[in-house]
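**Student:** Output the structure for:
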Amino acid sequence: MFLKIQLWGFLLAMAKLGNAQSASVSGCIAGNVTLKFEPVIDPNRNVSSYTWNKDIGPSRDPSFAKYEGQTNRFQTFMDEINGRIFHSPANPTDLNFTNLRLSDAAKYTLVVRYEEFTGDSPEFIVIFSVKDICFDETKNDRKCTITTCFTGENGNLTTPYNSTSVNGFKEVEVCDKSKTGNYSCCNADRKCETRMLSLPVEDVKGGSGNVSNLSIGLQKTWKLLIAALMLTLFVCQSLIGCD
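**Tutor:** Next up is the predicted model:
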């Protein structure tokens, strides 16, 4: 009996420990990001509401946003995020941030509440950080190398051929050899991030020729194999008398 009680206690402790899962997400100032909360929700129960809390210190109301699925109502409770946050009923646990600010960095907790208040409510924590200066991930479209410089207000982008002001973010395209080199993305505090940008690597020429050569080689090998089999059959019938 004592062992059974201990086992149940262990299972309940593990369930409670696994109730609040977490993830870390980072974004760039003035950029956009989707915070994906992935709590374990019981598919056999109806969800009443999704509530997000923002950790802003002790003795302060952490209420950040709330979504009620039955009424399709989404609310925010902090003025600083108004007009910069969006929610889609198709993905009820996600929050979409735009025009990121450094003050958006925080620990966010999603609490899912069922219609019947029994047991623990599923939770998920996202530790969100915002970089004050950064380049976006580099992309290639065969002809150009593309990225984005994020600086926030009063930033600056220095390129191999000029220097230009940046108010939030600026897309960078390297489509010509003369534009390859170091690009420095700097914010108003003169903090910079530098990246070497060059043209995309061209496709290896003569690829179709290599395929043709491979095809010809396979044909020759196949012919030699057939000839060897015919010779073996001839020797077998002439000298050994194979049936």
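**Student:** Now do the contacts for the residue lying closest to residue 141 once chain neighbours are set aside.
**Tutor:** Nearest residue to residue 141 in three dimensions, chain neighbours excluded: residue 200, at 7.6 Å (C-beta to C-beta, 6 or more residues apart in numbering). Placement of C-beta: from N, CA and C, glycine included. Under the criterion of C-beta atoms under 8 Å, 6 or more residues apart in numbering, the contact list for residue 200 reads 140-145.
**Student:** Make TSV from these and add distance to residue 193 to it.
**Tutor:** As requested, the contacts of residue 200 are exported to TSV (distance: C-beta to C-beta, whole Å):
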residue	distance to residue 193
140	20
141	23
142	26
143	25
144	21
145	16
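**Student:** so where do the helices sit in the chain?
**Tutor:** Assigned helices in the chain, in chain order: 2-19, 207-235 (criterion: DSSP state H).
**Student:** so where's this structure uncertain?
**Tutor:** The chain contains residues with pLDDT under 70 at 1-20, 202-243.
**Student:** rerun that using 50 as the cut-off
**Tutor:** Where the chain drops to pLDDT under 50, the residues are 1-18, 203-216, 218.
**Student:** which one's the longest strand in it?
**Tutor:** Determined from DSSP state E, the single longest strand within the chain is strand 145-158.
**Student:** Can I get that strand in CSV, CA atoms only?
**Tutor:** Output in CSV follows, covering the C-alpha atoms of strand 145-158 (Å, rounded to 0.1, in the frame of the first residue of the first chain):
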residue,chain,number,x,y,z
THR,A,145,22.3,37.6,-51.9
ILE,A,146,19.5,39.2,-49.7
THR,A,147,19.4,40.1,-46.0
THR,A,148,17.9,42.8,-43.8
CYS,A,149,19.7,45.2,-41.4
PHE,A,150,17.7,45.9,-38.2
THR,A,151,18.8,48.9,-36.2
GLY,A,152,15.7,50.5,-34.7
GLU,A,153,15.4,54.3,-35.0
ASN,A,154,18.3,56.5,-36.2
GLY,A,155,20.5,53.6,-37.4
ASN,A,156,23.0,53.5,-40.1
LEU,A,157,24.1,51.0,-42.8
THR,A,158,27.7,51.2,-44.2
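**Student:** which helices and strands sit right next to it?
**Tutor:** strand 134-135, strand 139-140, strand 163-174, strand 181-186, strand 192-197 (3 or more C-beta pairs under 8 Å, 6 or more residues apart in numbering; DSSP states H and E).
**Student:** This completes my enquiry, with thanks.
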